[in-house]
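In: No letters, just coordinates:
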Ligand SMILES: O=C(CO)[C@H](O)[C@H](O)COP(=O)(O)O
């Protein structure tokens, strides 16, 4: 994904932002460009309040002078702009490549509108080529991993590798919430609704990266501009 395409998606999303809105700010390289551009508008006097989906985004936004709130003091979020790792024709997403899926889902799900900024490389017919991130509690993680593997087999998704995500230092990555991430190398997810529902039932699973029925629109950045696919289309 080129930086030009990312920027074009981010700029198109910026056009959706209205003065006085409370905004959810996503995580990842595309969301970071959006935050940069928003920072320029705020510096020029534009009035918004934002909540961040990660510590990294919160730090970036504060450094740019964007007024930040936490979710408990800003419970109504008018619009969230975030990236994604994959999206399908029904605007179902895989998210969590940046390990921020828990806060991303809480904020996206509480938003009046959730818009994804991305490019055509993330567009798929069926979700699953991108390993599905599952955030798990540290307590009993081996058991949780075994339950996930067992569940995949029951769903007929046999032989799927489940790996613990490591940080740059080679040790298990800790999310902002203090959890680990298991990546499910599904290749294809035949029934995302079913997989999401069964993962939700496993004790020890904090959240998974299937964002189903959450995105209202996807903005696909290109070298030349951007194209929007909306849920109503
Ligand atoms: O879900 C995410 C972070 O948890 C990101 O939105 C996703 O990984 C896309 O990132 P990028 O814009 O860098 O491709």
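Out: Nice, I can see it. Keep in mind that this is a model prediction, so the values were computed, not measured.

In: dump the residue contacts of residue 118.
Out: Residues in contact with residue 118 (C-beta atoms under 8 Å, 6 or more residues apart in numbering) are 1, 9, 30, 83, 84, 87, 218, 219, 220, 221. Using the backbone N, CA and C atoms, a C-beta is placed for each residue, glycine as well.

In: again with residue 99
Out: 133, 135, 165, 173, 175, 176, 181.

In: element containing the closest residue to the third one other than its chain neighbours, please.
Out: Here the nearest residue to residue 165 in space, its sequence neighbours aside, is residue 181; by C-beta to C-beta, 6 or more residues apart in numbering that works out to 4.0 Å. Residue 181 belongs to strand 180-185 when elements are defined using DSSP states H and E.

In: Does anything pack onto the helix or strand following that strand? Which helices or strands?
Out: Sequence order places helix 192-200 as the next helix or strand after strand 180-185, per DSSP H and E. With contacts defined as 3 or more C-beta pairs under 8 Å, 6 or more residues apart in numbering; DSSP states H and E, the packing partners of helix 192-200 are helix 141-154, strand 205-208, strand 210-211.

In: Strand partners (parallel or antiparallel) of the last one?
Out: Looking at strand 210-211 with DSSP bridges, its partner strands are strand 93-94 (antiparallel).

In: how far does the strand it pairs with sit from the chain's center?
Out: The chain centroid and the centroid of strand 93-94 are separated by 7 Å under C-alpha atoms, centre = their mean, to the nearest Å.

In: That strand near the ligand anywhere?
Out: No - Strand 93-94 does not reach the ligand (C-beta under 6 Å from any ligand atom); its nearest approach is 8.0 Å.

In: ok, now stretch 116-128?
Out: No - if you take C-beta under 6 Å from any ligand atom as the test, stretch 116-128 misses the ligand, and the best it gets is 7.0 Å.
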